[in-house]
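**Q** from the sequence below, what's the structure:
(chains A and B)
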Amino acid sequence: MRIFNSMTRQKEALTPLEPNHFKIYVCGPTVYDYFHIGNARPFVVYDTLRRYLLWLGYEVTYVQNFTDIDDKVIQRAQAEGITTAELAERMIKEYYHDADSLNIMRADIHPRATESIDDIIALISTLMDKGFAYTAEDGVYFSIEQDPNYGRLSGRNIDDLMEGASERTSYSDDKRHPFDFVLWKFKREGEPYWPSPWGEGRPGWHIECSAMGMAHLGETIDLHCGGVDLTFPHHENEIAQSECATGKTFVRYWMHNGFVNIDQRKMSKSLGNFFTVRELSKHYPYDVIRFFILQAHYRMPINFSDELLDAAVASWQRINSSIDLLTFSAKAAPETAPGEDETLFEEAVTRYLAEWQDAMDDDLNTADALAAIFELVRAANTAVASGRVSKKALLNARDALIGRLDVLGLKPRTDQKAAIPQRILDLVDERTEAKKNRDFARADAIRDEVLTNGYKIEDTPQGARVIPVDA
RNA sequence: GGCACCAUAGCCAAGUGGUAAGGCAGAGGUCUGCAAAACCUCUAUUCUCCGGUUCAAAUCCGGAUGGUGCCUCCA
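**A** Numbers count the residues shown, from 1 in each chain, chains lettered A, B, ... in the order given. Predicted coordinates:
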């Protein structure tokens, strides 16, 4: 598999440091609110990466943190009159609700900043000992001038930063350099704090990811993933503090996903143009949201609108419909089918599955992978219509389809459907009888009645087929 | 101001040197008692524009235009 490494800005062969075992760290949510669709993208994308690596036979250790202490958590907790721990606990529960619904696998480890204070303090101590950190009035800072490699990931040097900063950065505090960043914030009135060798306080934002990543995955991590907006300063700072502490490469492959936009503008909480996944799920099912995200390559920006979601509903329906059709028609399909249709179909299935894998291998191109899925769908629908393809071939195709969708974290609707009530099945039989007697008025009336009850009847060469109408 | 990214049909979106995937929407047809679903055909002589390299460019190089992002809240 090849992956675009943000550090080198090119696609590279992806290999684990430790044989057959990938160690992945994904920047997780700050738990002060429900997460929005823009936050959901990395969770879905890297979950898909994880599933694919597992499918390829690798062992994967997947870590995704919860930032449960920072300014926003404190602010929100104060506004609600509860403790930060209470707020975090609640929002983590809500995170799991949405993430589980999006079929995002739980990480092997979900470390929390407040439970990793010892690791954080140990890391800062090392940086202090080695002369990369210093104490200022309001906290402990990392000195970027001590790091000759600073700026490598984001492609900027300290001079570039100064130029950008000249109009926006205040030089008023007592940091040695305006871009020095805080490792440990000394406590302020009314805020939670922990003891440390430098005084009571709480961790800075960047340090927690380094500390938790290294604590659970070792000093060198295979993959570190997150949104492009984290490239600078968050990931840049993580590299600086981690590598200065250990002298080793912190991360071998950096992956950054593109934004979710609204009206061509970045979706963000500060712009106020966001939809939480929870809110959106009231209008569109979770599987459609996931499908929508995977329809584009992960590094491209995606725009977001009802029209695009509606199109995704229809596309996803096409796939589900084909799976249902395969299951249904396999029942009446011949046991063996020695003809050309059978051979051509099996060849087509093999070809499209190969295309699917090629796409996934090429920098997790889920858009292309889904195109292969659609090709497979068309071949399957054609095979079904021909009636000259064996039961075995149809079921093999169906299972392959379901299997590949599962790697994408997409569950076919069939699996989620309840059994069709006997009452409905009786009506369908009654309609078939009416049709046989050419009593079409009666047949149509029954079809309408069934539809009113939430089920659709479709006539096929193999007989009438009943499917629930999706809400 | 500095550093990046993006521009492909009505809409969405793959494609990084060999002659434009896939989905949605639309039109026509087949099947059907009628539907639905499905299938077939059609819908970009062309990839924002202008130069250049090459036998060959949506793909590489240079420039222009438009849009977006980052530059100590951010996925």
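**Q** what are the ranges of the strands in the stretch 51-200 of chain A?
**A** Applying DSSP state E, counting those that start in this stretch to the stretch 51-200 of chain A gives strands spanning A:59-64, A:133-135, A:139-142, A:181-186.
**Q** would you mind measuring from residue A:146 to RNA strand B?
**A** Residue A:146 is 16 Å from RNA strand B, where distance means CB to the nearest atom of the strand, to the nearest Å. All C-beta spots, glycine's among them, are computed from the backbone N, C-alpha and C.
**Q** phi, psi of the residue nearest to residue A:35 when sequence neighbours are not counted?
**A** Excluding its sequence neighbours, the residue lying closest to residue A:35 (CB to CB, 6 or more residues apart in numbering) is residue A:29, at 5.2 Å. Main-chain dihedrals, residue A:29, degrees, to the nearest 10: phi -80, psi 150.
**Q** tabulate the strands of the stretch 51-200 of chain A in JSON lines, adding columns for mean neighbour count and mean pLDDT.
**A** Output for the strands of the stretch 51-200 of chain A, formatted as JSON lines (neighbours: other CB atoms under 10 Å; pLDDT from 0 to 100):
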{"stretch": "strand A:59-64", "mean neighbour count": "21", "mean pLDDT": "98"}
{"stretch": "strand A:133-135", "mean neighbour count": "19", "mean pLDDT": "95"}
{"stretch": "strand A:139-142", "mean neighbour count": "24", "mean pLDDT": "94"}
{"stretch": "strand A:181-186", "mean neighbour count": "23", "mean pLDDT": "95"}
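**Q** please enumerate the helices of the stretch 351-471 of chain A.
**A** Secondary structure of the stretch 351-471 of chain A (DSSP state H, counting those that start in this stretch): helices located at A:366-386, A:391-407, A:413-416, A:422-436, A:440-452.
**Q** can you list the buried residues in whichever helix in chain A runs longest?
**A** Ranked by number of residues, the top helix in chain A under DSSP state H is helix A:306-332. By 16 or more other CB atoms under 10 Å, the buried positions in helix A:306-332 come out as A:309, A:312, A:316, A:319-320, A:322-330.
**Q** so, low pLDDT: which residues of the stretch 151-300 of chain A?
**A** A:163-173 (pLDDT under 70).
**Q** can you list the residues of it near RNA strand B?
**A** When proximity is defined as CB under 7 Å from any atom of the strand, the stretch 151-300 of chain A approaches RNA strand B at A:154-156, A:160-161, A:163-165, A:168-170, A:178-179, A:181, A:205, A:226-234, A:257-261, A:264-270, A:295-297, A:300.
**Q** give me the buried subset of these.
**A** Among these, those scoring as buried are A:154, A:161, A:178-179, A:181, A:205, A:226-228, A:230-231, A:233-234, A:257-261, A:266-269, A:295-297 (criterion: 16+ other CB under 10 Å).
**Q** can you flag which of the residues you listed belong to strands?
**A** Mapping these onto strands (DSSP state E) picks out A:181, A:226-227, A:257, A:260-261, A:266.
**Q** dump those to TSV, plus distance to residue A:82.
**A** Listed next are these as TSV, based on distance: CB to CB, whole Å:
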residue	distance to residue A:82
A:181	29
A:226	28
A:227	28
A:257	32
A:260	30
A:261	34
A:266	30
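**Q** any idea how far the longest helix of chain A is from the middle of the chain?
**A** Remark: helix A:306-332 is offset 22 Å from the chain centroid, using CA atoms, centre = their mean, to the nearest Å.
**Q** now do stretch A:234-245
**A** Taking CA atoms, centre = their mean, one finds stretch A:234-245 lying 25 Å from the centre of the chain it belongs to.
**Q** now chain A against RNA strand B: closest residue?
**A** residue A:227 (1.7 Å; CB to the nearest atom of the strand).
**Q** count the neighbours of the nearest residue to residue A:218 once chain neighbours are set aside for me.
**A** The shortest distance from residue A:218 to any non-neighbouring residue, by CB to CB, 6+ apart, is to residue A:23 (6.8 Å). Residues near residue A:23, counting by other CB atoms under 10 Å, number 24.
**Q** for residue A:23, give the beta-bridge partners.
**A** Residue A:23 forms beta bridges with residue A:61, as assigned by DSSP bridges.
**Q** for it, give me its contacts.
**A** Applying CB atoms under 8 Å, 6 or more residues apart in numbering to residue A:23 gives the contacts A:16-17, A:60-61, A:63, A:217-218, A:221-223.
**Q** between those, which sits nearest residue A:432?
**A** residue A:60 (50.3 Å; CB to CB).
**Q** can you map out the helices along the stretch 51-200 of chain A?
**A** Counting by DSSP H, counting those that start in this stretch, the helices of the stretch 51-200 of chain A are A:71-80, A:84-101, A:117-129, A:158-165.
**Q** follow-up on the earlier one: just the buried ones from the contacts of residue A:23?
**A** Counted by 16+ other CB under 10 Å, those give A:16, A:60-61, A:63, A:217, A:221-223 as buried.
**Q** what's the farthest-apart pair in these?
**A** Every pair of the buried ones among the contacts of residue A:23 checked by CB to CB; the farthest is A:16 and A:63, at 14.8 Å.
**Q** break chain A into its domains for me.
**A** A:2-303, A:313-416, A:422-468 (automatic domain parsing).
**Q** can you show me the helices along the stretch 201-350 of chain A?
**A** Using DSSP H, counting those that start in this stretch, the helices of the stretch 201-350 of chain A run over residues A:205-217, A:236-246, A:277-280, A:286-294, A:306-332, A:340-361.
**Q** circling back: got the strands of the stretch 51-200 of chain A as CSV, with distance to residue A:410 columns?
**A** Below are these laid out as CSV (distance: least, CB to CB, whole Å):
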stretch, distance to residue A:410
strand A:59-64, 19
strand A:133-135, 46
strand A:139-142, 42
strand A:181-186, 40
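**Q** quick one: closest of the ones you listed to residue A:364.
**A** Using CB to CB, the strands of the stretch 51-200 of chain A put strand A:59-64 closest to residue A:364, at 13.9 Å.
**Q** contacts for the closest one?
**A** With CB under 8 Å, 6+ apart, strand A:59-64 has contacts from A:20-28, A:43, A:50, A:53-54, A:105, A:107-111, A:212-213, A:216-217.
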